[in-house]
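[1] Sequence and predicted structure below; questions after.
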Amino acid sequence: MRYLSHWLSCGVPVSLGLLAGGPNPTLAADLGAPPAPAMEAPVPPSWTFRVVPYGWLLALNGTQTVRGRSAKVNASFADIVKESDTLVALMGDIEARNGRFALLGNVVWSKIGVERGNVRSRSLAPGVTGTLATSLGLDIEMTIAEVGTAYEVYRSGPVALDVLAGARYWHQEADLSLDASAGVQVGDLEVAGTRAFARSGSVDWLDPVIGARIRYTVAPGHELLLRGDIGGFGVGSDFSWQAIGAYGFEFGTYQGVTFSGVIGYRALYVDYVQGEGRQRYEFDMLVHGPVVGISARF
């Protein structure tokens, strides 16, 4: 008791129940019930964005008709570079993804020039009379814009399959130059020196598009993309198709943005016709070539 009195006088809390060997309800009340395990709410999917500025090294194979005069075009990238105001087509691609759903956008602008050996006269449209002169050159200013949606319908390990739907808008202005001294009928053409120019003015159309895309993760930071689509269906053009193969490889991250190099090949075919006789415009062409660019994902 002498020791107990000493502890009490020193302010040491001692429970009589504890000294008696029994339970201590006061201490149990102070400690309280054990906390319930925390339940973490599921994290909703968030948007990610990818922006890809490209260069498209264009080649042309097909037929161009301006004011009823047709020319066969067969020009490689090297041929076009010699005569064009732009070395490459400027292309920007953007994708916004949230889980399985994605919004897609793409735009291309180019100003292409092709001369002599890569352009040859082909035919006159019905209703156009006169001598078919030698084609001397073709200049095309072209804008292509795509918008659409994608939805992931299948995934197995590193492979994912998307289905696509959207629209592709075309804007063109084409000038076909002919040798006026060869006896070409120039009543509806512009003449400058020994050349007669068939000018299309502004030509626009819109194609519905459907397609699919395969994304394959080769290794962490390395992705292979294959895309195909078809469109037109007589709504805008008679028919069009597109095929794209691209390989992306990450090379660094800066302030939360992941940068990747992109190399690949893009081929786009379209068959569009409007008007008759001297008002006939036709672009039956395969536009194709390598693409190179840098991707930024955030």
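    Right, received. Where do you want to start? Numbers count the residues shown, from 1 in each chain.

[2] for the protein, what helix or strand is lowest in average pLDDT?
    Of all helical and strand segments in the chain, the minimum by mean pLDDT, DSSP states H and E falls on helix 16-19, at a mean of 38.

[3] Report the spatially closest residue to Asp238, excluding sequence-adjacent ones.
    Asp271 (4.7 Å; C-beta to C-beta, 6 or more residues apart in numbering). Heads up, the C-betas are built off the backbone N, CA and C, glycines and all.

[4] Val218: neighbour count?
    Residues near Val218, counting by other C-beta atoms under 10 Å, number 12.

[5] ok, now which ones touch it?
    Applying C-beta atoms under 8 Å, 6 or more residues apart in numbering to Val218 gives the contacts 158, 224.

[6] Which pLDDT value goes with it?
    Turning to Val218, the model gives it a pLDDT of 96.

[7] what's the answer for Pro45, then?
    According to the model's per-residue confidence, Pro45 sits at a pLDDT of 65.

[8] and what of Gly21?
    The score at Gly21 is 48. That number is its pLDDT.

[9] Now Thr149: which helix or strand?
    Element membership for Thr149 (DSSP states H and E) is strand 135-156.

[10] quick one: that strand to chain centroid distance?
    For strand 135-156, the distance between its averaged C-alpha position and the chain's averaged C-alpha position is 7 Å (C-alpha atoms, centre = their mean, to the nearest Å).

[11] those helices in the stretch 51-200 of the chain, which residues are they?
    Remark: helices assigned in the stretch 51-200 of the chain by DSSP state H, counting those that start in this stretch are 77-83.

[12] and the strand holding Thr149, what's its mean pLDDT?
    Averaging the model's pLDDT scores along strand 135-156 yields 94.

[13] Could you list the paired strands of it along with their orientation?
    Strands that pair with strand 135-156, judged by DSSP bridges, come out as strand 101-115 (antiparallel), strand 159-179 (antiparallel).

[14] Identify whichever of the ones you listed lies nearest to Gly256.
    Proximity to Gly256 (C-beta to C-beta) singles out strand 101-115 among the strands paired with strand 135-156, at 20.2 Å.

[15] measure Gly148 to Leu286 for me?
    Using C-beta to C-beta, to the nearest Å, we find Gly148 at a distance of 22 Å from Leu286.

[16] More neighbours: these two, which one.
    Neighbours of Gly148 and Leu286, each counted by other C-beta under 10 Å, are more numerous for Gly148; the result is 19 against 15.

[17] returning to what we had before: do I have it right that the residue nearest to Asp238 meets Gly234?
    No. Contact criterion C-beta atoms under 8 Å: Asp271 and Gly234 do not qualify, at 10.5 Å.

[18] With respect to Ser295, which of the strands paired with strand 135-156 lies nearest?
    With C-beta to C-beta as the measure, strand 101-115 is the member of these nearest Ser295 (13.2 Å).

[19] Please identify the buried residues of that closest one?
    Residues of strand 101-115 classed as buried: 102-104, 106, 108-110, 112-115 (neighbour count, 16 or more other C-beta atoms under 10 Å).

[20] now swap in stretch 125-141 and tell me
    Judged by neighbour count using 16+ other C-beta under 10 Å, the buried positions of stretch 125-141 are 125, 128, 132-133, 135-141.

[21] want to throw those into TSV with distance to Tyr169?
    Below are those laid out as TSV (distance: C-beta to C-beta, whole Å):
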residue	distance to Tyr169
Ala125	26
Val128	29
Leu132	33
Ala133	33
Ser135	28
Leu136	30
Gly137	27
Leu138	22
Asp139	21
Ile140	16
Glu141	15
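
[22] wait, which of these is closest to Ser46?
    Ranking the buried residues of stretch 125-141 by separation from Ser46, with C-beta to C-beta as the measure, puts Glu141 on top at 39.9 Å.

[23] In this structure the closest one contacts Trp170, no?
    No. Under the criterion of C-beta under 8 Å, Glu141 is not in contact with Trp170, lying 11.6 Å apart.
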